[in-house]
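1. fold the following.
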Amino acid sequence: MGYAVLLTLTACQARDEARPKPPPANEAATAGRTDLIPCEIIGRRLVTRQDCDLANATDHDVREGLAAFNWPKEMRRGRAVLLRLAVEQAPPPPPPEPPAPVKKPIEKAAARPGHPHAAHVAEPETPPPPPGPEAAVQQLPGEATPYKPLVGRYMSATLTGDAFEIVPQGPEHQEVLKDSVTHWDWLVTPKSGGDHELTVTTQVEFKDSDGNYVPLRFRPETHGIKVQSPWWLWVWDVVLQSPAWFKALAAAVVALTGLVVALAGLRRAIRGKSPADTPAGP
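-> Predicted coordinates:
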């Protein structure tokens, strides 16, 4: 019994981890209103009954969709690369096939030339499927990697990485229409060499009656990126990322080196002073 309760709690926790914290409600806009209710699906945020019903309906329609991202295997420090996430809703499952008809025995006369059963009936050709997310990223640098995010009608996507400068090339919130591919683009420039990570996070949202996007579920996808860097920049990165005592030691070494150079220059200047320059005695 205790084991079953533990499994139930673990499953609930895993499900809750896929739900982001709702944005804080606008207290000025909700003050004094009596038509608002706490909506469970969005963390008991105060919304109208209509918006809460819409949030529940949107969450009910969330499914695993299809996506592709052109993850680069390697990048070069200071060189910008266009990265793209392409998403589409998963197609509905095909209808079940009807039962096979019972074949009736064909008369022997059917094999004679000119008999109507002897004519060959060509089966209808199946149209090719429309281009999916992978086709939308194949022309870009990197490797078109498919995966399955959570997809709904309204979505947002963000790309994050501490070692990169990331500039979005379009809106963060978009509508994902059926039978079409929606994509997000970012211009990404590595700021330091070494092994780093990039994380793309997709978030399913619903659009309330005021036009605000409220998060419902999210799913992150992380990949490791190796960034090539010239050796002198790599040394500088090591110094910047080192502990405080190492930085202080490096500064002391630089200061001591400057002092030694200055003393050596002063010593050479004293030795090079000619006797004629020395003032005569009394």
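
2. C-alpha from now on. contacts and neighbour counts both.
-> Noted.

3. what helices and strands are in contact with the helix or strand harbouring L54?
-> Taking DSSP states H and E as the criterion, L54 maps to helix 49-60. Applying 3 or more CA pairs under 8 Å, 6 or more residues apart in numbering; DSSP states H and E, one finds that helix 49-60 contacts strand 36-39, strand 194-207.

4. so what strands line up beside the first helix or strand past it going along the chain?
-> Going down the chain from helix 49-60, the next helix or strand is strand 63-64, by DSSP H and E. Using DSSP bridges, the strands paired with strand 63-64 are strand 150-151 (antiparallel).

5. could you check the following helix or strand past the strand it pairs with and say which residues are buried?
-> Moving toward the C-terminus from strand 150-151, the first helix or strand encountered (DSSP H and E) is strand 154-160. For strand 154-160, the neighbour count (16 or more other CA atoms under 10 Å) marks Y154, M155, S156, A157, T158, L159 as buried.

6. which regions of the stretch 51-200 of the chain lie under the pLDDT threshold?
-> Applying pLDDT under 70 to the stretch 51-200 of the chain flags residues 93, 102-130.

7. right, so of the helices and strands packed on helix 49-60, which gets closest to L46?
-> The closest of the helices and strands packed on helix 49-60 to L46 is strand 36-39. By CA to CA, the value is 4.5 Å.

8. would you mind listing the buried residues in that closest one?
-> Buried, per 16+ other CA under 10 Å, within strand 36-39: L36, C39.

9. now do stretch 53-60
-> Buried, per 16+ other CA under 10 Å, within stretch 53-60: L54, A55, N56, T58, D59.

10. need those residues in JSON lines with distance to E172, can you?
-> Converted to JSON lines, the buried residues of stretch 53-60 look like this (distance: CA to CA, whole Å):
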{"residue": "L54", "distance to E172": "21"}
{"residue": "A55", "distance to E172": "20"}
{"residue": "N56", "distance to E172": "23"}
{"residue": "T58", "distance to E172": "19"}
{"residue": "D59", "distance to E172": "20"}
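
11. just flag the most distant two among those.
-> Counting by CA to CA, the most remote pair of the buried residues of stretch 53-60 is L54 and D59, 8.5 Å apart.

12. ranking the helices and strands packed on helix 49-60 by mean neighbour count, which comes first?
-> strand 194-207 (a mean of 19; mean count of other CA atoms under 10 Å).

13. who are the packing partners of that one?
-> helix 49-60, strand 150-151, strand 154-160, strand 213-228.

14. if you set the cut-off to 6 Å instead, what comes out?
-> Contact here means 3 or more CA pairs under 6 Å, 6 or more residues apart in numbering; DSSP states H and E; on that basis strand 194-207 packs against strand 154-160, strand 213-228.

15. so which of those strands is nearest A80?
-> Across the helices and strands packed on strand 194-207, closest to A80 is strand 213-228 (CA to CA), at 11.7 Å.

16. V47 and T257: what is the separation?
-> 67 Å (CA to CA, to the nearest Å).

17. neighbour count: those two, which is higher?
-> V47 (19 against 11; other CA atoms under 10 Å).
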